[in-house]
Each structure stands twice: as structure tokens, then as C-alpha cells.
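Engineer: Got a sequence here, can you model it:
(one chain, ligands or ions: 1)
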Amino acid sequence: MYEEKINYPEITEFLNNNLSPLIGDAAVLEKELRENEHLPIVRPSAARFLQFLCLLIKPRKILEIGTCVGFSAILMKNACPNAEITTIDRYDYMINRAKENFARFDKEGKITLLEGQAAEILPTLKEKYDFIFLDAAKGQYPAFLPYLLERLSDNGVLLVDDVLFDGLVAESSRSSRRDMTIVKRLRSFISEITNNEELYSALTPIGDGMILVQKRGENKWH
Ligand SMILES: C[S@@+](CC[C@H](N)C(=O)[O-])C[C@H]1O[C@@H](n2cnc3c(N)ncnc32)[C@H](O)[C@@H]1O
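Structural biologist: Got it, this is the predicted structure:
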């Protein structure tokens, strides 16, 4: 299990001892990955939040930035069997592992893996997505934001992981110089979202800190 630095250890322990089951093959893959490897996959409680959001929103088109070995993509596919999922990663090792996992757990071919730098791929995307999960390259979040908002459909939801960056975003005295650059960018990213009157958002301490974002303009609750 990951040592989470966002919540008190006893809260994290309680959350991790009270995890709801993941749907279908995602449970099998989670067990394999968490027991045998130390990969940067979405944290246990955040995985349940992601699954719940997918069940609630029922997106038909999903975009993910940060495939890793495909765990979160497979989780989203199981929660939304009718969705088409596009996921982006730049790292050959992760890409090859993700392809193996998609061959095992995505026989229906619902997941499309785009290989390369998100900064280069995002401007080329033409479709709209009702759910976007951003989970890669924290230092580039501010640069990605305009492209992600452009690709988000009316009433669509953007979920961003790692926005509290092990708590350093709130308390940065233990940051290295490199981390401080990321911390400053994440603070600016959060502030850009929360101060944008065109957006609804909710900043949470789930996982490594997650923020939920929705465009106001076409919101059905208006
Ligand atoms: C935190 S992991 C994603 C975990 C995955 N969402 C999961 O929970 O199963 C981040 C991934 O993003 C990829 N990545 C980081 N920066 C990227 C970039 N600029 N463009 C594309 N992929 C990137 C890394 O190679 C890594 O596999």
C-alpha cells in the first residue's frame, strides 16, 4: 500500500481498510499491481472515487492523460462498458505494459492508446469528451488546461489527480528546488481553476489531491 501524505496516517489506514470492490477485471489487475509492484497508479481510495464518478456520469467518450500500465483505463472501461476511451502516454516501458494489459482486459477494443508527449498530442485532438482524467506530468498541468477545457463537452467533467503533490502544495518547506517548481505550477493551476468564473470546481484531499472541474456555461443546473 502507498504511504499517503495528504491525510493523517490513521485516516489513510481506515480508508484503505474499507475499500469497496472494483468492478470485474480491474479488481484482478489492482491486486496484481499493488501486491507485486511500485507503480504510480491511482491510489486505492482515489480509484474508488474514479470508479464512482464513472458510474455516476456514464460518459460515452473518455480522455485520459497518463496511462501508466493501463490500470485506470481498465477501471474506467469496466465502470463504463459503453464508453470509448482514449489514453495518452509517452514512456515506452509503460506503453508496452499497457498494451499487454489491454490485450488481457480489453478484448472489446474500447481503449485506444496514443503514444507520445501529451503536449504534442492534445492540440491535435478533435473530439469532445464527457470525462477527462488528467494524471501525468504535474509540472505541465497549467499548459494542458486550455486544451483540456477546449476538449471537454458541455456538462463534461475534468478530474485531475496529484494536485496536492504529497502535501507539498500546501506545505512546501520540505520541497527540493525541482519540486518547488512543480509546487508553484500546481498552485497556479489550482488558483487558475478556482478563480475562473466560467468554471465550477471542487478541490479535495482524495488520493494525492484531486480537483473536479466543470464548465459553467452550459451547465444544466443553471
Ligand atoms: C501517475 S502515472 C498514471 C497512472 C494511471 N492513470 C493509473 O492510475 O493507472 C503517470 C503516467 O503519465 C505518463 N506521462 C508523464 N508525463 C507525460 C507527458 N508529458 N505526456 C504523456 N505521458 C506522460 C508517465 O509515463 C506515466 O506513465
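Engineer: And the strands in this protein?
Structural biologist: Along the chain, the stretches classed as strands by DSSP state E are 61-65, 84-89, 111-115, 129-134, 152-160, 199-204, 210-215.
Engineer: Tell me which of those sits nearest to the ligand.
Structural biologist: strand 84-89 (4.5 Å; CB to the nearest ligand atom). All C-beta atoms are positioned from the backbone trio N, CA, C, and that covers glycine.
Engineer: for the closest one, packing partners?
Structural biologist: strand 61-65, helix 71-79, helix 92-105, strand 111-115 (3 or more CB pairs under 8 Å, 6 or more residues apart in numbering; DSSP states H and E).
Engineer: redo that, cut-off 10 Å
Structural biologist: If contacts are counted by 3 or more CB pairs under 10 Å, 6 or more residues apart in numbering; DSSP states H and E, strand 84-89 sits against strand 61-65, helix 71-79, helix 92-105, strand 111-115, helix 118-121, strand 129-134.
Engineer: what would the ones you listed look like in TSV with distance to the ligand?
Structural biologist: Formatted as TSV, the helices and strands packed on strand 84-89 follow (distance: least, CB to the nearest ligand atom, whole Å):
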stretch	distance to the ligand
strand 61-65	6
helix 71-79	3
helix 92-105	4
strand 111-115	9
helix 118-121	4
strand 129-134	7
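Engineer: Between those, which one is closest to residue 47.
Structural biologist: helix 71-79 (6.1 Å; CB to CB).
Engineer: and the closest one, which residues are buried?
Structural biologist: 71-79 (16 or more other CB atoms under 10 Å).
Engineer: one step back: got CSV for the helices and strands packed on strand 84-89, with mean pLDDT and distance to residue 144 too?
Structural biologist: Listed next are these as CSV, based on pLDDT from 0 to 100; distance: least, CB to CB, whole Å:
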stretch, mean pLDDT, distance to residue 144
strand 61-65, 98, 7
helix 71-79, 98, 17
helix 92-105, 98, 18
strand 111-115, 98, 14
helix 118-121, 98, 6
strand 129-134, 97, 7
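Engineer: still on that earlier bit, need the strands of the chain in CSV with mean neighbour count, can you?
Structural biologist: Output for those, formatted as CSV (neighbours: other CB atoms under 10 Å):
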stretch, mean neighbour count
strand 61-65, 24
strand 84-89, 23
strand 111-115, 18
strand 129-134, 25
strand 152-160, 20
strand 199-204, 16
strand 210-215, 21
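Engineer: quick revisit: kindly reformat the helices and strands packed on strand 84-89 as TSV and extend each row with distance to residue 166.
Structural biologist: Putting those into TSV (distance: least, CB to CB, whole Å) gives the following:
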stretch	distance to residue 166
strand 61-65	20
helix 71-79	19
helix 92-105	21
strand 111-115	28
helix 118-121	22
strand 129-134	17
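Engineer: In contact with residue 45: list those residues for me.
Structural biologist: 4, 6-7, 11-12, 14-16, 18-20, 205-207, 210 (CB atoms under 10 Å, 6 or more residues apart in numbering).
Engineer: I'd like the distance from it to the ligand, if you could.
Structural biologist: 13 Å (CB to the nearest ligand atom, to the nearest Å).
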